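Colleague: 3D model of this:
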Amino acid sequence: MSEQSLPEDTREGYADELPEYAERVLEVAERIPSGRVMTYGDVAEWLEEGGPRQVGRVMSLYGGAVPWWRVVRADGVLLPGHELGALDHYRAEGTPLKEASRAAEGHLPRLDMRRARWDGGADAGAHT
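Modeller: Have a look, this model is predicted:
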């Protein structure tokens, strides 16, 4: 079983083995409210450490135990290989989407980043 596919209830026991940076990235992912998203770069900026690639790496290795669909690409394109799963979550949570044109490959919508992006504002709790 890959680390990404760990069930949510397994995360607590597994957390002791996570690198400290990975734990911090996952904590930010868990803070993002339902229906909102942060980019990989937003998460790195929030942590004041690393960059989009480091956050992406953490999410690819360990993100299965958190709401991974809420940490996204800055262009709003759905995560390749996980588009349908993410889309189910976005629709269930009411995340703002931009419907795809008929000419778009696969006719998949994009995230409406202007409306969906969360800046970690008032309901963010304590900043790490």
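
Colleague: And T39, its phi and psi?
Modeller: phi -80, psi 170 (degrees, to the nearest 10).

Colleague: What's opposite the residue most central in space within the chain in the beta bridge?
Modeller: Residue closest to the average C-alpha location in the chain (Cα atoms, centre = their mean): V71, at 1.8 Å. V71 has these beta-bridge partners by DSSP bridges: M38.

Colleague: Quick one: residues contacting it.
Modeller: Taking Cβ atoms under 8 Å, 6 or more residues apart in numbering, we find V71 in contact with 29, 32, 37-40, 43, 55, 59, 63. Just so you know, the C-beta spots here come from the backbone N, C-alpha and C atoms, and that holds for glycine as well.

Colleague: and if we set it to 6 Å?
Modeller: Counting by Cβ atoms under 6 Å, 6 or more residues apart in numbering, V71 touches 29, 38, 43, 59.

Colleague: Retrieve the pLDDT associated with the last one.
Modeller: Looking at M59, its pLDDT is 97.

Colleague: oh, and call the first residue 898 from now on, that's how I've got it
Modeller: Happy to do that; since the first residue is 898 now, the last one works out to M956.
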